[in-house]
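Trainee: how does the following fold in three dimensions:
(chains A and B)
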Amino acid sequence: MEKKPLLEVKNLKTYFYTEDGIVKAVDGVDFEVYPGETLGIVGESGSGKSVTSLSIMRLLDPNGEIVEGSEIIFEGKNLLELSEDEMRKIRGNDIAMIFQEPMVALNPVFTIGEQIMEAILLHQDVSKSEARKMAIEMLKKVGIPEPEKRVDEYPHELSGGMRQRAMIAMALSCRPKLLIADEPTTALDVTIQAQILELMRELQKEYGMAIILITHDVGVIAENADRVVVMYGGMVMETANVHELFKEMRHPYTWGLLNSLPRLDIEQERLYNIPGIVPDPLHFPPGCRFNTRCEFADEKCRKEIPPLYEVNKDHFSRCFYYQKVEEAQKLKKAGESA
Amino acid sequence: MTAYIIRRLLLLPLILFGVTLIIFSFTQILGPEKLLSAYVNPNVFDKLSNEDLDKLIHKYGLDQPLWTRYFKWINGVFHGDLGWSVTAKQPVAQAIKERIPYTLELALYAMIPVIGVGIWLGVAAAVNRDKFLDHFIRIFAIVGWSLPDFVFGLVVLMIFYSVLGWFPPGTMSSWAEQIVKSPEFKHFTHILSIDALLNGRLDIFWDAIRHLIGPILTISWLWWAYLLRITRSSMLEVLGKEYVRTARAKGVPEKDVIHKHARKNAMIPVVTVAGAMVIGLLSGTVIVEVIFNRIGMGRFTAQAATQLDYAAVLGSVLFYSTILIIGNLIIDILYAALDPRIRLG
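Mentor: Numbers count the residues shown, from 1 in each chain, chains lettered A, B, ... in the order given. The predicted structure follows:
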């Protein structure tokens, strides 16, 4: 049975017009998010993952522009065709967002309660005292101790983990259908990271919302995502469900990313790293964006941008030589087990 | 918070003691004969023989050491006696008391346009960054910024008085002055425009306002320039912060994003500048008062200083220091009210 996607991003192109030239931060990205699932978007800094999420919310900086022909379809409506006012009713209500730095993402001059209540009062027809009760209820739900007291505290009075919990409480206060979490745990301690991710999974089960989890941390993706989009240089390199991606990646970049994870089952002198650096988005190489760092790259890769090949059901790879990647993996595995 | 305010207020006499001691010591450089002029009618002064001078110097204790004289002055201050002002030809305390309402009146009326419009222009420029309105406001600011007040004041006087005849210089018209000085005119607050309203004299109220517009216009433009630049840059910085994006992501309407989320944060540096401006206004603005020939503290002090009227200078210093200290205390309290991260203590 084919499920209907909650969100479809089609041929999204987001360009930034700077003094030095046009930065093609996102250059033709397609993916879908289905109700209740977690879609992981993974990539290095500058791969365009954050810009993708801000494009969905239409919260780009003034010099950023979504290019004509892009489509972001949420529940059958193209968000890019909505008026600012209609879009505002979706933000925080149907699609909510949490950010990387809870330290700076909460307004320092308003209390936690005021900030949560604001979201509730904007989108729901409730009185102030009801909104306050709901805010306290949300704080309790995200595991903040003494919510009746914390609700009147300012962000600086809370620890980093508590602030991120408060951010989640704020984002979920209107029960959104889609939560975009942009590096939600990057700024937190490892132990706190696990707690926050656990909390997000619990709340997802309870509310049945879909999550777009944006991160550069492959480990976080492995544990939390159902499906994964791997981005590089503003393009989707590979997309597959999480199990298949980790076992049978068909793109050299994904392979490199996963190879750079520490492993306990084999002896390693040092961790693998992908050679070279992320290309300057002002001057992407012609052809495949990854060709400057790819061991499989040849003349063809330096001339043409490869299309997305369907290598398996619902598994796509943007590589001319995805079969070679497969063979190389088999060889490597054989070598390891020998 | 209360403890903090009390502590700051307890420091007030200590600071006043230090400031007046320094100024007092400086005035003593003048020497006994010059200092004597504060006590003697200048017409008589020139005719005095050296012997008479010595007698008078002794009589007023000017031959005594600095400390003795300083404490004598302080003692007088405690009894409400600040000495005799040569320039005002009346006791210093009386002279200051008479001038404060005029300075206060100008300050109160100027404060509203200076701060209100200055901040509003700054926010408008930041929100419309690099658009026409922003460029227009910035040109307006640069003009205000580069014109000295004595030039701009004269231009205002020339256009609105000489050419158009709308806003005359001075404090009030002579017909109004006659009424104000008559016994029927009751002085409730000593602030001319308010007293005029309370006496039911709309004509005098309008006359007072007409004399205020020129100085207010001059002060406003110059200070807008400064205030709006601070507000603009502070707003631009805050608008780039992540919590502004969070507010937008919640679906907060843009006008609330700007006027609620961003502006409250942006006001923190603005308060410093605006506070200093209010303190400046309350101290009287010398140039504006001189150009528009108004009664007020600024002009009084300037005249006193140029005519070696040291008792008046000391009295003014006492007044300014008090305003400055209390003004800064109010700024600190405002900080704490704006930013919960600031704790007074």
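Trainee: quick one, longest helix in chain B?
Mentor: The longest helix of chain B (DSSP state H) is helix B:202-239.
Trainee: can you tell me the average pLDDT over that one?
Mentor: Per-residue pLDDT over helix B:202-239 has a mean of 88.
Trainee: skip the chain neighbours and tell me the closest residue to whichever residue of the stretch 201-338 of chain A sits closest to chain B.
Mentor: Closest contact between the stretch 201-338 of chain A and chain B, by CB to the nearest CB, is at A:Ile212 (13.2 Å). Placement of C-beta: from N, CA and C, glycine included. Spatial nearest neighbour of A:Ile212, chain neighbours left out: A:Ile180 (4.7 Å); criterion: CB to CB, 6 or more residues apart in numbering or on different chains.
Trainee: helix, strand or coil for that neighbour?
Mentor: strand (DSSP: H, G, I helix; E, B strand; the rest coil).
Trainee: same check on the one 4 residues further on?
Mentor: State at A:Pro184, reduced to three classes by three-state DSSP: coil.
Trainee: list the beta-bridge partners for the nearest residue to it once chain neighbours are set aside.
Mentor: Nearest non-adjacent residue to A:Pro184, counting by CB to CB, 6+ apart: A:Ile98, 5.3 Å away. Residues in a beta bridge with A:Ile98, per DSSP bridges, are A:Ala181.
Trainee: neighbours of A:Ile98, how many?
Mentor: For A:Ile98, the neighbour count with other CB atoms under 10 Å in any protein chain shown is 24.
Trainee: surely it meets A:Ala166?
Mentor: No - between A:Ile98 and A:Ala166 there is no contact under CB atoms under 8 Å: 10.1 Å.
Trainee: related to what we said a few turns ago, tally of neighbours for the residue nearest to A:Ile212?
Mentor: Neighbours of A:Ile180 under the rule other CB under 10 Å: 28.
Trainee: how far away is it from A:Arg91?
Mentor: Distance of A:Ile180 to A:Arg91, given as CB to CB, to the nearest Å: 10 Å.
Trainee: swap in B:Leu217?
Mentor: B:Leu217 sits 44 Å away from A:Arg91 when distances are taken as CB to CB.
Trainee: ok, back up a step: now do the same contact list for the residue nearest to A:Ile212.
Mentor: Going by CB atoms under 8 Å, 6 or more residues apart in numbering or on different chains, A:Ile180 touches A:Ser53, A:Ile56, A:Met57, A:Ile95, A:Ala96, A:Met97, A:Ile98, A:Ile211, A:Ile212, A:Ile214.
Trainee: tell me the pLDDT at the fifth one?
Mentor: If you check A:Ala96, the pLDDT there is 94.
Trainee: again, but for A:Glu2
Mentor: You'll see A:Glu2 listed with a pLDDT of 60.
Trainee: what of B:Thr285?
Mentor: Looking at B:Thr285, its pLDDT stands at 79.
Trainee: and the residue nearest to it when sequence neighbours are not counted, how close does it get to chain A?
Mentor: Closest residue in space to B:Thr285, ignoring its immediate chain neighbours: B:Gly298 at 5.2 Å, by CB to CB, 6+ apart. Going from B:Gly298 to chain A by CB to the nearest CB, to the nearest Å gives 36 Å.
Trainee: mind checking what helix or strand follows the least confident helix or strand in chain B by mean pLDDT in sequence?
Mentor: Least confident helix or strand, chain B: helix B:42-45 with a mean of 70, by mean pLDDT, DSSP states H and E. In the C-terminal direction, the helix or strand that comes right after helix B:42-45 (DSSP states H and E) is helix B:50-59.
Trainee: roughly how far is that next one from the heart of the chain?
Mentor: With CA atoms, centre = their mean, to the nearest Å as the basis, helix B:50-59 stands 39 Å off its chain's centre.
Trainee: packing partners for that helix?
Mentor: Helix B:50-59 sits against helix B:32-36, with contacts defined as 3 or more CB pairs under 8 Å, 6 or more residues apart in numbering or on different chains; DSSP states H and E.
Trainee: sort out which residues of the helix it packs on are buried, please.
Mentor: For helix B:32-36, burial by neighbour count (16 or more other CB atoms under 10 Å in any protein chain shown) applies to B:Pro32, B:Leu35, B:Leu36.
Trainee: where does A:Glu65 sit: helix, strand or coil?
Mentor: Following three-state DSSP, the label given to A:Glu65 is strand.
Trainee: spatially, what comes nearest to it if we skip its sequence neighbours?
Mentor: Closest residue to A:Glu65 apart from its sequence neighbours, by CB to CB, 6+ apart: A:Tyr15 at 5.7 Å.
Trainee: how about B:Leu324?
Mentor: According to CB to CB, 6+ apart, the nearest residue to B:Leu324 is B:Ile279 (5.8 Å).
Trainee: again, but for A:Asn312
Mentor: A:Glu244 (6.8 Å).
Trainee: how many neighbours does that neighbour have?
Mentor: Going by other CB under 10 Å, the residues that sit close to A:Glu244 add up to 17.
Trainee: surely it forms part of a strand?
Mentor: No - using three-state DSSP, the assignment for A:Glu244 is helix, not a strand.
Trainee: that one is in contact with A:His315, isn't it?
Mentor: Yes - at 5.6 Å, A:Glu244 and A:His315 qualify as touching, with contact defined as CB under 8 Å.
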